[in-house]
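Asker: All I have is the shape, not the residue letters:
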Ligand SMILES: [Fe+2]
């Protein structure tokens, strides 16, 4: 099974797709790449928008897409890419950001992340709210941040483009092949320019490891 865990494909939900036509093109590119399950993960910035407003926008944009989807489209799972902010642990209904039927939350770290600033928030999310946090695109962060958070038991998603860049390929390959906590891969598709070219390149470069990670995603999402 081919699962794209991280994609910005809801029309107008964020800067990933400006209109329905773009979204349908993205879904078609995913289908052509052999994607079976496509996670729609629009950005949720809790410091800019309330959760009810985000959920309303996500629902409206998803319904617009769903009505226009062709019969052969990949299965779409509606979730979110949630930006880590202090205080997020107190928001009621955070579970609605998780992948359907799970407590799996895809979380983006701020670029100025420091454990001192976010320790309390992460602790409550993990141990009191009992969310199963998957860190989005760990390839964007420093070794020290990634090592520290994975050591605390968080799971990780890696973006396809990091396997295709000379600068980042070695590190992503090492994580993917050596760490059981790498549970997902994503296109993080925005627009249609790159499409699934890098996703397919990643699949080829990872070989059997790709299937191992897809098996973990499948289990995590109870597919
Ligand atoms: Fe993203």
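Answerer: Received the coordinates, thanks. Being a predicted model, the structure only gives us computed values, none of them experimental.
Asker: can I assume residue 70 sits in a helix?
Answerer: No. Counting by DSSP: H, G, I helix; E, B strand; the rest coil, residue 70 falls outside a helix, being coil.
Asker: For it, give me its contacts.
Answerer: With contacts defined as Cβ atoms under 8 Å, 6 or more residues apart in numbering, the neighbours of residue 70 are residue 28. For the C-beta atoms, the positions are set from N, CA and C on the backbone; glycine is no exception.
Asker: And residue 132, by the same measure?
Answerer: Taking Cβ under 8 Å, 6+ apart as the test, what residue 132 contacts is 98, 102-105, 155, 220.
Asker: so can I have TSV of those residues showing neighbour count and pLDDT?
Answerer: As requested, the contacts of residue 132 are exported to TSV (neighbours: other Cβ atoms under 10 Å; pLDDT from 0 to 100):
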residue	neighbour count	pLDDT
98	18	98
102	15	98
103	13	98
104	23	98
105	22	98
155	21	98
220	18	98
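Asker: from these, which is closest to the ion?
Answerer: residue 105 (13.7 Å; Cβ to the ion).
Asker: For burial, what's the neighbour tally of residue 13?
Answerer: 26 (other Cβ atoms under 10 Å).
Asker: you'd agree it is up against residue 63?
Answerer: No. Residue 13 is beyond contact range of residue 63, at 11.4 Å (criterion: Cβ atoms under 8 Å).
Asker: how much space between residue 24 and the ion?
Answerer: Distance, residue 24 to the ion, by Cβ to the ion, to the nearest Å: 19 Å.
Asker: Was I right to think that residue contacts residue 68?
Answerer: Yes. Contact criterion Cβ under 8 Å: residue 24 and residue 68 qualify, at 6.0 Å.
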